[in-house]
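Trainee: What follows is a predicted structure for the sequence shown.
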Amino acid sequence: MSSFPWLSLIVAAPLVAAVMMLFIPAASRGTVRVVAVASTLVSLAGSLFVAFSYHLGFAGVQFAEHHDLVPSLGISYDLGVDGWGV
């Protein structure tokens with residue numbers, strides 16, 4: 001498996017697009033649509049990669065990510081996919 005954060009990409013793409021849309025003027029409907037479609041395609045591509053790269057014979061969590069956000073408070077960001085998640 002690669003070390004690229006695929007699950008974070010899937011989660012972050014719509015969030016980044018939503019923040020971008022806050023700064024697009026309301027009159028620019030075409031730009032809003034392009035940003036929305038682009039973020040959807042990024043999420044879809046990441047989801048398809050995860051689905052087709054998932055190893056069915058491997059028990060446990062795959063594509064696991066762990067990032068310490070505030071280590072002193074024990075706050076972290078964890079993502080992973082098990083058989084039910086795919």
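Mentor: Happy to help now that I have it.

Trainee: show me where this structure has strands.
Mentor: 62-70, 75-81 (DSSP state E).

Trainee: can the ones you listed go into a markdown table with extra columns for mean neighbour count, distance to Ser28 and mean pLDDT?
Mentor: For every residue, glycine as well, the C-beta is placed using N, CA and C. Output for those, formatted as a markdown table (neighbours: other C-beta atoms under 10 Å; distance: least, C-beta to C-beta, whole Å; pLDDT from 0 to 100):
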| stretch | mean neighbour count | distance to Ser28 | mean pLDDT |
| --- | --- | --- | --- |
| strand 62-70 | 13 | 34 | 94 |
| strand 75-81 | 13 | 33 | 95 |
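
Trainee: Val16: which of those strands is closest?
Mentor: For the strands of the chain, proximity to Val16 was assessed by C-beta to C-beta; strand 75-81 is nearest, at 15.8 Å.

Trainee: For the longest helix along the chain, which residues meet the burial criterion?
Mentor: Of all the segments of type helix in the chain, defined by DSSP state H, the longest one is helix 29-53. Neighbour-count burial for helix 29-53, counted by 16 or more other C-beta atoms under 10 Å, picks out 32, 35, 39, 42-43, 46, 49-50.

Trainee: roughly how far apart are Gly30 and Ala17?
Mentor: 15 Å (C-beta to C-beta, to the nearest Å).

Trainee: And the pLDDT for the residue lying closest to Ile10 once chain neighbours are set aside?
Mentor: Excluding its sequence neighbours, the residue lying closest to Ile10 (C-beta to C-beta, 6 or more residues apart in numbering) is Gly46, at 4.3 Å. Looking at Gly46, its pLDDT stands at 96.

Trainee: Thought Ala12 was touching Gly46, still the case?
Mentor: No - applying C-beta atoms under 8 Å as the test, Gly46 and Ala12 come out as separate, 9.6 Å apart.

Trainee: show me where pLDDT drops low in the chain?
Mentor: 1-2, 85-86 (pLDDT under 70).
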